[in-house]
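Visitor: make a model of this:
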Amino acid sequence: MIEIDPQQLADRYMAQWNVPDAGERRAVIERLWAEDGTHILHPPAEIREAAAELGFDHQTLEAQGYDAIETRVARTYERFVEKQGFVFRARPGAVRLQGVVRIGWEAVSTATGDVMGGGSDMLVLDDNGRIRTDYMFPGS
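Guide: Numbers count the residues shown, from 1 in each chain. Take a look at the predicted model:
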């Protein structure tokens with residue numbers, strides 16, 4: 001596996017969520033992610049509860065491949081950056097253990113600078129240092 005600075009990867013990963021231009025966003029995704037990469041989200045409690053009420057015992061959300069990941073990132077940009085005025089940033093302290101990088105992140109109000117939320121991710125890398133699987137845990 002190639003050498004990767006985990007904090008630089010965390011910064012680049014979080015920057016993708018803030019890119020306004022669709023073409024630039026797609027290029028960033030293709031540089032960061034393996035072509036068949038998978039983003040797996042542990043959804044907020046209200047989504048898990050609604051799914052359980054409907055009889056779903058598997059309560060994760062997944063996006064696989066460039067197109068699906070691009071849609072996921074674009075919708076997050078539209079909802080949180082464009083409409084709610086947040087910016088996403090990596091917390092310091094990203095750690096790499098072989099092919100896995102653990103990162104923390106924050107959603108910050110552009111109006112006040114206040115941290116409004118955050119979470120953590122476990123990024124599993126391929127041999128080229130691209131994200132093969134992203135396990136996202138908002139609120140952690």
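Visitor: going forward, measure contacts and count neighbours with C-alpha atoms only.
Guide: Will do.
Visitor: beta-bridge partners for residue 96, please?
Guide: Judged by DSSP bridges, the bridge partners of residue 96 are residue 101.
Visitor: surely it touches residue 9?
Guide: No - counting by Cα atoms under 8 Å, residue 96 sits too far from residue 9 to count as a contact (10.0 Å).
Visitor: of these two, who's got more company?
Guide: More neighbours surround residue 9 than the other of residue 96 and residue 9, with 21 against 18 (other Cα atoms under 10 Å).
Visitor: tell me the buried residues in stretch 61-76?
Guide: Using 16 or more other Cα atoms under 10 Å as the test for burial, stretch 61-76 gives 63-66, 68-70, 72-74.
Visitor: stretch 115-128 now?
Guide: If you call a residue buried by 16+ other Cα under 10 Å, then stretch 115-128 has these buried ones: 118-126.
Visitor: for residue 33, grab phi and psi.
Guide: Backbone torsions of residue 33, given as degrees, to the nearest 10, read phi -100, psi 150.
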